[in-house]
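1. I would like to see how this sequence folds:
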Amino acid sequence: MEETLPSLKEACPIVFQNLAQFHFDALSSPAFWSYREQALCVQLVDLFCEGIWKRSDEPYLGTAYGIMISYWQAVVNFAMYLLMVAAIVQRKSYRNVGLYWTGSFTMALAVFLLGNVIGKYSSEIQPAFLFNVPYLIIPIWAAKRLFDQPKTCPLPTADQEQNKNLLQRPMDLGLVGFLLLAVIYTLFRGLVVLDCPANSCFDYIYLQEPYLRDPVAYPKIQMLVYLFYVLPYYCISIYALLVPGCTWMGDWALVFAGAIGQAQFSHVAASIHHRTPFPYRIPERDWWFVVLCNVAYAVGPQILAYRCLYKPAFFCSPVSQILKFKKKHTD
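-> Predicted structure coming up:
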């Protein structure tokens, strides 16, 4: 293995030599530094597979959740890094991809770090764990840069779209229905992990989704993040689909689509992975029901983000208001 793997000292000059070819715009972008991080990780992938790093410094990477989050980082996030770098090189906007990545990266890191601190591996945290903490700054900085970038809106059609009621917008009607169900499902699972004494909560956590009891604590943290952050987002999304002119909706739909997509992939895949102890895996009797509910929970926000991205007129400021504002300041 020593002969086939380049050392970190050998890898760093190669990576930085390639990265130095990018222009200043790339140097100041979150995609650039995320790509650098991923390139260095690729040099160590065989070491991770051999388990050397997991056994010595971060044993929680060997859990089912740790493996799934690594898969997501290595495939989905890496693909987004490449898309952003390509857009930077071609001087194109990477705003939408960046917002999706911001949500994905933030959710993964938040649940992973909190689960490590309070889960069964909390007593095995080593100094290497602290290397993860600075990465909390990356999504905050990236989000600020991305939100500051300008976005376009089809103003000529805004008034026409905003004059339609909900029944005239069947896709929005379906999304409102999904969001109402998602609110109930999110609240229910939040109560489940908070040890609600109701019989329905007891039956669900023991008979349908016992993974929520896994002592690694990742699923419990995930449900609490849903309860305190995703639930309010679903509520304001319903408002945005009913009341026109919510200009913030498109950006936050992308952020939460990335966050929920990553979270549900890691949660569902870990709950059926062989490294999850058998008592905590989804029972065969209710396997399809639980998996389909979780998949629907992940797909809904993606459809909502797609709707906001490709048909944003309803969420734009009305043309009449813009003209009135311009006239007022002109006079």
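2. rest of the way, CA atoms for contacts and neighbours
-> OK.
3. can you show me the helices along the stretch 151-300 of the chain?
-> Taking DSSP state H, counting those that start in this stretch as the criterion, the stretch 151-300 of the chain contains helices spanning 158-162, 170-193, 199-203, 218-225, 231-242, 249-271, 287-310.
4. by mean pLDDT, show me the worst of those helices.
-> Set side by side, those differ in mean pLDDT, and helix 158-162 is lowest with a mean of 78.
5. list the helices and strands it packs on?
-> Other elements packing on helix 158-162 under the criterion 3 or more C-alpha pairs under 8 Å, 6 or more residues apart in numbering; DSSP states H and E are helix 319-330.
6. quick check, central residue of the chain?
-> For the chain, the residue lying nearest the average C-alpha position, counting by C-alpha atoms, centre = their mean, turns out to be A259 (1.7 Å).
7. so how far is Y121 from that residue?
-> If you measure A259 against Y121 using C-alpha to C-alpha, to the nearest Å, the figure is 24 Å.
8. what do you get for L241?
-> Distance, L241 to Y121, using C-alpha to C-alpha: 42 Å.
9. ok, the two, which is more surrounded?
-> Neighbour tally, L241 and Y121, criterion other C-alpha atoms under 10 Å: the higher count belongs to L241, 22 against 17.
10. what sits against the more buried one?
-> For L241, the residues meeting the contact criterion (C-alpha atoms under 8 Å, 6 or more residues apart in numbering) are D172, V176.
11. contacts only, for W72.
-> For W72, the residues meeting the contact criterion (C-alpha under 8 Å, 6+ apart) are Q262, S266.
12. alpha carbons of the helix or strand where it lies, as CSV, please.
-> Using DSSP states H and E, W72 falls within helix 64-72. Extracted C-alpha coordinates of helix 64-72, given in CSV (Å, rounded to 0.1, in the frame of the first residue of the first chain):
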residue,chain,number,x,y,z
ALA,A,64,-23.6,3.0,8.7
TYR,A,65,-24.4,6.7,8.9
GLY,A,66,-20.7,7.6,8.6
ILE,A,67,-20.4,5.4,5.5
MET,A,68,-23.5,6.9,3.9
ILE,A,69,-22.4,10.4,4.5
SER,A,70,-19.0,9.6,3.0
TYR,A,71,-20.8,8.2,-0.1
TRP,A,72,-22.8,11.4,-0.5
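13. angle of that helix against helix 218-225?
-> What separates the directions of helix 64-72 and helix 218-225 is an angle of 70 degrees, with axes from the mean of the first three to the mean of the last three C-alpha atoms, to 10 degrees.
14. distance between helix 64-72 and the chain's centre?
-> Here helix 64-72 is found 14 Å from its chain centre; the criterion is C-alpha atoms, centre = their mean, to the nearest Å.
15. what's the next secondary structure element after that helix?
-> Using DSSP H and E, the helix or strand that follows helix 64-72 towards the C-terminus is helix 78-89.
16. with only the CA atoms kept, save that following helix in CSV.
-> The C-alpha trace of helix 78-89 is given here as CSV (Å, rounded to 0.1, in the frame of the first residue of the first chain):
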residue,chain,number,x,y,z
PHE,A,78,-18.0,16.1,-5.5
ALA,A,79,-20.2,16.3,-8.7
MET,A,80,-21.4,19.7,-7.5
TYR,A,81,-17.8,20.9,-6.9
LEU,A,82,-16.9,20.0,-10.4
LEU,A,83,-20.0,21.8,-11.8
MET,A,84,-19.1,24.9,-9.8
VAL,A,85,-15.5,24.9,-10.8
ALA,A,86,-16.5,24.4,-14.5
ALA,A,87,-18.9,27.4,-14.2
ILE,A,88,-16.2,29.5,-12.6
VAL,A,89,-13.7,28.7,-15.4
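17. ok now it, how far from the chain's centre?
-> Computed by C-alpha atoms, centre = their mean, the chain-centroid distance of helix 78-89 equals 17 Å.
18. same deal with stretch 178-192?
-> Its chain's C-alpha centre and that of stretch 178-192 lie 18 Å apart, by C-alpha atoms, centre = their mean.
19. checking K92 next. Helix, strand or coil?
-> Secondary structure, DSSP: H, G, I helix; E, B strand; the rest coil: K92 is coil.
20. measure it to V268 for me?
-> With distances taken as C-alpha to C-alpha, K92 is found 35 Å from V268.
21. between the two, tell me which one has more neighbours.
-> Neighbour comparison, K92 and V268: the larger count goes to V268, with 21 against 11 (by other C-alpha under 10 Å).
22. the more buried one reaches V290, doesn't it?
-> No. The pair V268 and V290 fails to qualify as a contact (C-alpha atoms under 8 Å) at a distance of 9.0 Å.
23. and A108, how many neighbours?
-> For A108, the count of nearby residues is 21 (other C-alpha under 10 Å).
24. element containing it?
-> For A108, the host element (DSSP H and E) is helix 95-118.
25. outside of that helix, which residues touch it?
-> Contacts to helix 95-118, defined as C-alpha under 8 Å, 6+ apart, come from residues 31, 60, 66, 69, 77, 80, 83-84, 122, 125, 132, 136, 139, 142-143, 146, 149, 216-218, 221-222, 225, 251, 254-263.
26. low-confidence ranges in the stretch 1-150 of the chain?
-> When residues are selected by pLDDT under 70, those of the stretch 1-150 of the chain lie in 1-57.
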